[in-house]
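generate coordinates for the sequence data below:
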Amino acid sequence: METAGKALLAAAAVLLVLGLGALLLARLGVDRLPGTIRWKPSENTSVTIPIGLMVVVSIVGTIVLNILIRR
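Predicted structure coming up:
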């Protein structure tokens with residue numbers, strides 16, 4: 001039971017860091033990168049597909065994982 005508690009605390013810490021990073025990136029305007037597709041078919045509906053952000057996150061994630069794995 002103690003191991004499960006530690007795992008949950010670690011997961012919560014990771015989610016906290018990710019959430020704070022997302023807020024920081026939104027304030028810097030990263031949520032409006034070129035390549036974002038916005039579609040508003042009606043007044044109550046909107047669809048946003050952040051393709052540019054997906055590419056950036058994929059590249060950064062690949063670099064970080066390669067650095068961590070090669071240790």
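
now the longest helix anywhere in the chain: how far from the chain's centre is it?
If you go by DSSP state H, the chain has its longest helix at helix 2-28. Helix 2-28 has its C-alpha centroid displaced from the chain centroid by 11 Å (Cα atoms, centre = their mean, to the nearest Å).

after it comes which helix or strand?
strand 36-42 (DSSP states H and E).

who does that next one pair up with?
Next to strand 36-42 in the sheet, as set by DSSP bridges, lie strand 45-50 (antiparallel).

quick revisit: which other helices and strands contact the longest helix of the chain?
Applying 3 or more Cβ pairs under 8 Å, 6 or more residues apart in numbering; DSSP states H and E, we find helix 2-28 packed against no helix or strand. Yep, even glycine has a C-beta here, placed from its N, CA and C like the rest.

report the mean confidence score over it.
Averaged over helix 2-28, pLDDT sits at 89.
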